[in-house]
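**Q** sequence unavailable; structure follows:
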């Protein structure tokens, strides 16, 4: 696996779609799933009983066509939470479901988004580098909002410091914050679909302004740093 910055900073193509194709070219290994209880998790989610992990069938289908690669599912009893780690090749996804989140038996699934398909869903001048969605369905085939927020934490070597995190469930990207080098995450009550984006293409270390397609490092103009509230 190439260095996280090399894969992004050196894969400069003539357009965003070519750029993402080069990123996707780094092999996606078949996902593996493991479940565990984190030390001290009761202090966050309570000390109630936890459901045993099960490689549940994909009864919770993704709501967006860009998210179709199943990473794994868990089946939860009523009002029982669980922390589950999904391994997806060089990436890992930590899904934390607190007690009382769902009042009925519920299947929660994680899907990986197709980065190439997501190119047109993110703002211009940015390219998708990491994408996961979480969906759930209860035993009545309903998708209720969670009574207590769930959280997702993703470790992905293609993510760089300052990359933008978007949710795209409204049809328009909504900025949910920024990633740190190699990691991003969020909390949610509704089943979300996330995509993390990188400046297109960034030349040099993080913080260097992006260049336009076809330009070179010599063409880049160093701009004054911007700050946001």
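**A** Yep, that arrived. Predicted, not measured: the structure shown is a model, and the values here were computed from it.
**Q** for residue 15, give me the pLDDT.
**A** At residue 15 the predicted local confidence, pLDDT, stands at 72.
**Q** for this protein, which strand is longest?
**A** When the chain is scanned for its longest strand (criterion: DSSP state E), the result is strand 126-138.
**Q** may I have the strands that pair with it, each with its orientation?
**A** strand 106-113 (antiparallel), strand 193-199 (antiparallel) (DSSP bridges).
**Q** of those strands, which is nearest residue 130?
**A** Taking C-beta to C-beta, strand 193-199 is the member of those nearest to residue 130, at 4.1 Å. Where you see a C-beta, it was placed from the backbone N, CA and C, and this is true even at glycine.
**Q** possible to save the strands paired with strand 126-138 as TSV with mean pLDDT?
**A** Putting the strands paired with strand 126-138 into TSV (pLDDT from 0 to 100) gives the following:
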stretch	mean pLDDT
strand 106-113	96
strand 193-199	95
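**Q** dump these to JSON lines, plus distance to residue 136 and mean neighbour count.
**A** Listed next are the strands paired with strand 126-138 as JSON lines, based on distance: least, C-beta to C-beta, whole Å; neighbours: other C-beta atoms under 10 Å:
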{"stretch": "strand 106-113", "distance to residue 136": "4", "mean neighbour count": "24"}
{"stretch": "strand 193-199", "distance to residue 136": "13", "mean neighbour count": "24"}
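**Q** ok, which of the ones you listed comes nearest residue 120?
**A** The closest of the strands paired with strand 126-138 to residue 120 is strand 193-199. By C-beta to C-beta, the value is 11.3 Å.
**Q** averaged pLDDT, the next helix or strand after the longest strand of the chain. What do you get?
**A** Using DSSP states H and E, the helix or strand that follows strand 126-138 towards the C-terminus is strand 150-155. Across strand 150-155, pLDDT averages out at 98.
**Q** who touches strand 150-155?
**A** Strand 150-155 is touched from outside by 91-98, 101, 108, 110, 130, 132, 134, 182-189, 192, 194, 196, with contacts defined as C-beta atoms under 8 Å, 6 or more residues apart in numbering.
**Q** mean confidence for stretch 85-92?
**A** pLDDT averaged over stretch 85-92 equals 95, rounded to a whole number.
**Q** sorry, back to before: can you lay out the strands paired with strand 126-138 as CSV showing distance to residue 87?
**A** Written out in CSV, the entries for the strands paired with strand 126-138 read as follows (distance: least, C-beta to C-beta, whole Å):
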stretch, distance to residue 87
strand 106-113, 11
strand 193-199, 18
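**Q** all set, thanks.
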